[in-house]
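A.B. asks: structure for the following, please:
(chains A and B)
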Amino acid sequence: MTNIIENVRQEIKQIISLSFKKAAESGELPQVELPEVTIEVPREKEHGDFSTNIVMQVSKQLKKAPRLAAETIINNMNLTDTYIEKVECAGPGFINFHLKINWLFDALKTIQSEKDNYGRIELGKGKKVMVEYVSANPTGPLHMGNARGGALGDCIASVLDAAGYDVTREFYVNDAGNQIEKFGISLEARYIQLLKGEDAMPFPEDGYHGEDIIDHMKDYIGLYGDKLLNAETDERRKALVEFALPRNIERIKTALESYGVKHDFWFSEKSLYDSGELDETIKLLKENNCTVEKEGALWLKGEVMGSEKDEVLVRNNGYPTYFAADIAYHRNKFLKRNYDWVINLWGADHHGHVARMKGAIASMGINPDKLDVVLFQLVRLYRNGEIARMSKRTGRTISLVDLLEEVGRDAARFIFNTKASGSHLDFDLDLAVQQSNDNPVYYVQYAHARISSLLKRLEDEGVKVPTVDETDLTLLQAKEELELLKRLAEYPEEIRISAVTLEPSRLTRYVQDVAGLFHSFYNACNVKNEEENLRKARVLLVDSTRIVIKNVLTLLSITAPERM
RNA sequence: GUGCCCAUAGCUCAGCAGGAUAGAGCGUCGGUUUCCUAAACCGCAGGCCGGAGGUUCGAAUCCUCUUGGGCACACCA
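C.D. replies: This next block holds a predicted model:
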């Protein structure tokens, strides 16, 4: 629950604005309107732990050379009872802050006292957020897009949870509308083909060509034979959908479960039809004068969405579009269930819908800023250096189940979170299964296993992880020790930034960094055979590293093995 | 045609509410183990941040134009 870095940052902001005030009161500097003071971590270590460029930003108003003004500001600072040891003016007018080394030791104490909760912060306290992800069409198996969206969405939800938000994870089940019609037609065609031969019924060009459709019908025939052969076509399709749809949903649930992706709610699109919410929403849009009727259909006006084109809500055959249902769904999220923030994960091919959806909810009086859509670029699978294609249509899909069989859950989840969501992701199947340091997930897991093994050996010799109170942390002085410790101290801040940017990929990079620093430390510093007091301090550092790696991996739902 | 995303080391990518000498992993090459897991570590080499202008004390980062990739523009979802 403690984010020391954020606390220090706030402290520095406070010190700076007080110093400006003081300098103005004494007449050393003119009074200025300060913009938001940004405190950053300099790249160069010599530039201190924190730095600000505030003086350069306001140097024109100060009518004084930036360096001189910075000196004045520094002289007016009150640093008693802070972590700040030294303040310097540098370069063209930066103010650099060097922290007392004990801030690192306090961070270590925090890790030891918070343990499994270390890293958790209260950024989102009291805010209800929904993350909706995967939401795959239940007309077939999960594909690579769902796999990436699943890993991403699940980890975004976990990051927000760690950041203190009240998080709900949801899967929107598209169990109504046009694709279900198409599903029924596809099933029916396969059903008849299986019973009466390929030529008995041509397969619709835009139907679902996957093998799974045939498999469903083989199973159906095995159970019920040809009893639907002479039924009315509507009745037949309905019966076949009622057979296959629950099976598909069940398979999706099973696949996601073995992927470690969990949802709190499975929200049915059909329920929006049944409950009347869809009609209600359309009516509301009409009343708000957001719609126009033409060509026998009902359209949402383009101006509502900041677009030149109108969009169909209700077709001329009377059926609502997916878009209409989606508007009703979002109205449900915001107005019926009162979420403060809604995050949707969509494949990048849906980017055109973002502005439309925001416009649509705005027309119902919902602040569109409360909706964030994370668009993720699509995945290319590589095997033997060649693109492994996935296509539902050809039936040669590489499904999520296939992927998990081939590379396992840990590698899949980790790799899908190594790139920013907006970047294209090339998934190298060969690399993902390699148990070598080329494979980042093994590199990190190995660090955890190494630590666990070391602590186990020490325990066997009667050496336990000491308490902070019985340890002299000031003995940690080696470069490798301090660099590792500093990185561990940054974890809550990493959580904060990941939550703000909705980028869990930051955490996979972070944990690789921690693992790397640990390996360097391990190589440079002996633990087990060291003099007792130093050993205690190092054991505490090692155990703290274990806690952080474990916490990150757990957050990502990746196992942290004790031996490898 | 209109709109969105992307372009940084040989490869895969970070950095992009402007900051001080542009980073990491992999790959290449060279080292490290009588010692806690060598699935590790250390070191060398590698860059006109796609191109051209502009804003600024200061640009990989912001703006304009341009080139090359990906995607979207249905009474599909």
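
A.B. asks: and the nearest residue to residue A:188 once chain neighbours are set aside, which of the three is it?
C.D. replies: Spatial nearest neighbour of residue A:188, excluding adjacent residues (C-beta to C-beta, 6 or more residues apart in numbering): residue A:237 at 5.2 Å. C-betas here are computed from N, CA, C, even on glycine. Put simply, residue A:237 is helix when judged by DSSP: H, G, I helix; E, B strand; the rest coil.

A.B. asks: just residue A:150 next, same as before
C.D. replies: helix.

A.B. asks: surely it meets residue A:131?
C.D. replies: No: applying C-beta atoms under 8 Å as the test, residue A:150 and residue A:131 come out as separate, 11.3 Å apart.

A.B. asks: neighbour count: these two, which is higher?
C.D. replies: Set side by side, residue A:150 and residue A:131 show more neighbours around residue A:131, with 30 against 27, by other C-beta atoms under 10 Å.

A.B. asks: so what's that one up against?
C.D. replies: A:153, A:156-157, A:160, A:167-170, A:343, A:345 (C-beta atoms under 8 Å, 6 or more residues apart in numbering).

A.B. asks: now, which of these lie within strands?
C.D. replies: Using DSSP state E, the members of those that fall in strands are A:167-170, A:343, A:345.

A.B. asks: from those, which is closest to RNA strand B?
C.D. replies: Set against RNA strand B, the nearest of the ones in strands among the contacts of residue A:131 by C-beta to the nearest atom of the strand is residue A:345 (13.6 Å).

A.B. asks: quickly note the distance from that closest one to residue A:407.
C.D. replies: Using C-beta to C-beta, to the nearest Å, we find residue A:345 at a distance of 21 Å from residue A:407.

A.B. asks: who has more neighbours, the two?
C.D. replies: Taking other C-beta under 10 Å, residue A:345 and residue A:407 do not tie; residue A:345 has more neighbours (26 against 23).

A.B. asks: the more buried one reaches residue A:374, doesn't it?
C.D. replies: Yes: Residue A:345 is within contact range of residue A:374, at 5.1 Å (criterion: C-beta under 8 Å).

A.B. asks: anything in contact with each of the two?
C.D. replies: Counting by C-beta under 8 Å, 6+ apart, the common neighbours of residue A:345 and residue A:374 are A:152-153, A:156.

A.B. asks: now render those as a markdown table, adding distance to RNA strand B and neighbour count.
C.D. replies: Output for these, formatted as a markdown table (distance: C-beta to the nearest atom of the strand, whole Å; neighbours: other C-beta atoms under 10 Å):
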| residue | distance to RNA strand B | neighbour count |
| --- | --- | --- |
| A:152 | 12 | 26 |
| A:153 | 17 | 28 |
| A:156 | 15 | 26 |
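
A.B. asks: just the closest of these to residue A:488, please.
C.D. replies: When the shared contacts of residue A:345 and residue A:374 are compared for distance to residue A:488 (C-beta to C-beta), residue A:156 wins out at 23.3 Å.

A.B. asks: so what's the closest one up against?
C.D. replies: Contacts of residue A:156 by C-beta under 8 Å, 6+ apart are A:131, A:133, A:343, A:345, A:374, A:502, A:504.

A.B. asks: same question, residue A:339
C.D. replies: A:128-130, A:168, A:333, A:370.

A.B. asks: 7 Å - rerun?
C.D. replies: Applying C-beta atoms under 7 Å, 6 or more residues apart in numbering to residue A:339 gives the contacts A:128-130, A:333.

A.B. asks: restricted to buried residues, select the residues you listed in PyMOL.
C.D. replies: Buried members of those, defined by 16 or more other C-beta atoms under 10 Å, are picked up in PyMOL with:
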select buried, chain A and resi 129+130+333
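
A.B. asks: dump the contacts of residue A:339 to JSON lines, plus secondary structure, distance to RNA strand B and pLDDT.
C.D. replies: Shown next, in JSON lines, are the contacts of residue A:339 (DSSP: H, G, I helix; E, B strand; the rest coil; distance: C-beta to the nearest atom of the strand, whole Å; pLDDT from 0 to 100):
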{"residue": "A:128", "secondary structure": "strand", "distance to RNA strand B": "24", "pLDDT": "97"}
{"residue": "A:129", "secondary structure": "strand", "distance to RNA strand B": "20", "pLDDT": "97"}
{"residue": "A:130", "secondary structure": "strand", "distance to RNA strand B": "19", "pLDDT": "97"}
{"residue": "A:333", "secondary structure": "helix", "distance to RNA strand B": "17", "pLDDT": "97"}
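
A.B. asks: any stretches of the stretch 401-550 of chain A with poor pLDDT?
C.D. replies: Counting by pLDDT under 70, the stretch 401-550 of chain A shows low-confidence ranges at A:435-438.

A.B. asks: what does it have sitting close to RNA strand B?
C.D. replies: A:418-420, A:422-426, A:435-438, A:440, A:442-443, A:446, A:449-450, A:452-454, A:457, A:503, A:505-506, A:509, A:512, A:516, A:519-520, A:522-529 (C-beta under 7 Å from any atom of the strand).

A.B. asks: at 6 Å instead, please
C.D. replies: A:419-420, A:422-426, A:435-438, A:442-443, A:446, A:449-450, A:453-454, A:457, A:509, A:516, A:519-520, A:522-523, A:525-528 (C-beta under 6 Å from any atom of the strand).

A.B. asks: ok, the stretch 151-300 of chain A next?
C.D. replies: Near RNA strand B, when you scan the stretch 151-300 of chain A using C-beta under 6 Å from any atom of the strand, you find A:174, A:177-179, A:295-297.

A.B. asks: and those, which of them are in helices?
C.D. replies: Per DSSP state H, helices hold the following members of these: A:178-179.

A.B. asks: narrow the residues of the stretch 151-300 of chain A next to RNA strand B to those that are buried.
C.D. replies: A:174, A:177, A:179, A:297.

A.B. asks: who's in contact with the last one?
C.D. replies: Listed by C-beta under 7 Å, 6+ apart, the contact set of residue A:297 reads A:312, A:314-316.

A.B. asks: again, 6 Å this time
C.D. replies: Applying C-beta atoms under 6 Å, 6 or more residues apart in numbering, we find residue A:297 in contact with A:312, A:315-316.

A.B. asks: same deal with the third one?
C.D. replies: The neighbourhood of residue A:179, defined by C-beta under 6 Å, 6+ apart, consists of A:137, A:139.

A.B. asks: contacts for the helix or strand of chain A with the lowest mean pLDDT next, please.
C.D. replies: Least confident helix or strand, chain A: strand A:386-388 with a mean of 73, by mean pLDDT, DSSP states H and E. The contact list for strand A:386-388 (C-beta under 6 Å, 6+ apart) reads A:380-381.

A.B. asks: wait, does it contact RNA strand B?
C.D. replies: No: under the criterion of C-beta under 6 Å from any atom of the strand, RNA strand B is not reached by strand A:386-388; the shortest gap measures 11.6 Å.

A.B. asks: partner strands of that strand, with direction?
C.D. replies: strand A:379-383 (antiparallel) (DSSP bridges).

A.B. asks: how about the residue of the stretch 451-564 of chain A found nearest RNA strand B, secondary structure?
C.D. replies: With C-beta to the nearest atom of the strand as the measure, residue A:453 is the residue of the stretch 451-564 of chain A nearest to RNA strand B, at 2.7 Å. Per three-state DSSP, the local secondary structure of residue A:453 is helix.

A.B. asks: burial measure for it, as a count.
C.D. replies: 13.

A.B. asks: ok, now the one 5 residues further on?
C.D. replies: With neighbours defined by other C-beta under 10 Å, the count for residue A:458 comes to 18.
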